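Novice: Mind folding the following:
(2 chains)
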Amino acid sequence: DVKVTQSSRYLVKRTGEKVFLECVQDMDHENMFWYRQDPGLGLRLIYFSYDVKMKEKGDIPEGYSVSREKKERFSLILESASTNQTSMYLCASRSNRNTGELFFGEGSRLTVL
Amino acid sequence: GENVGLHLPTLSVQEGDNSIINCAYSNSASDYFIWYKQESGKGPQFIIDIRSNMDKRQGQRVTVLLNKTVKHLSLQIAATQPGDSAVYFCAENKNSGYALNFGKGTSLLVTP
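Specialist: You can find the predicted model right below:
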């Protein structure tokens, strides 16, 4: 069974802290994505990676960075967390760009105080 | 990103009835469209997709219709069940892009 695992379901951090959200997929997928989900705004793309060490900005990259050193792992980094980054973060992977089927993790709910 | 929007934020249907969830898109260059279902506390899950060269595609109890003339996409669920209660998102995969652009979602509530 395919699996995308996000390291933390719930996190509480303080303003200014550095935050790492980890995501691992076991399907040898090329593409990986980070979305944030907020009520009334749906899913918004932060960053994506189409291959190892490759990354592209999505619609809302400000305040975030990413790392993909290995194919199975895609990390989202908040260099200095702010309260407006309180949100649900969803990681997803896809085998390649020719399919619309993304496999999502269960999400990481981050609260920044 | 491109506008992928939904007509109704919430939809309530009785168990056993058919459900129709609508979605409008604005990017004519999109080459396929996808529907996702998100249950409470879980990540979105793929339901069905349709290529831009098709008008209709059927799955198990679901049908997706694409009307390119009016840039409209719909998801029909036959004989709606309580387990269908969830938020449904439409998404588009632009021809030149890697990423999917999601709509804001419609909440479907199935009542007994």
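
Novice: which residue ranges form the strands in chain A?
Specialist: Taking DSSP state E to define them, one finds strands in chain A at A:4-6, A:10-13, A:19-25, A:31-38, A:42-49, A:56-57, A:65-70, A:73-78, A:87-94, A:103-104, A:108-112.

Novice: Show the contacting residues for the one residue in chain B that gets nearest to chain A.
Specialist: Nearest to chain A in chain B, going by CB to the nearest CB, is residue B:43, at a distance of 3.0 Å. Heads up, the C-betas are built off the backbone N, CA and C, glycines and all. Residue B:43 makes contact with A:4, A:90, A:92, A:104-107, according to CB atoms under 8 Å, 6 or more residues apart in numbering or on different chains.

Novice: at 6 Å what do you get?
Specialist: By CB atoms under 6 Å, 6 or more residues apart in numbering or on different chains, the contact list for residue B:43 reads A:90, A:104-107.

Novice: go on, residue B:45?
Specialist: Residue B:45 makes contacts with residue B:37, as judged by CB under 6 Å, 6+ apart.

Novice: Who does it form a beta bridge with?
Specialist: residue B:37 (DSSP bridges).

Novice: interface residues of chain A facing chain B?
Specialist: Taking CB under 6 Å from any CB of the partner chain as the contact definition, chain A meets chain B at A:42-43, A:45, A:48, A:50, A:59, A:90, A:97, A:100-101, A:104-107.

Novice: For chain B, which residues score under the pLDDT cut-off?
Specialist: For chain B, applying pLDDT under 70 flags the ranges B:1-8, B:95-97.
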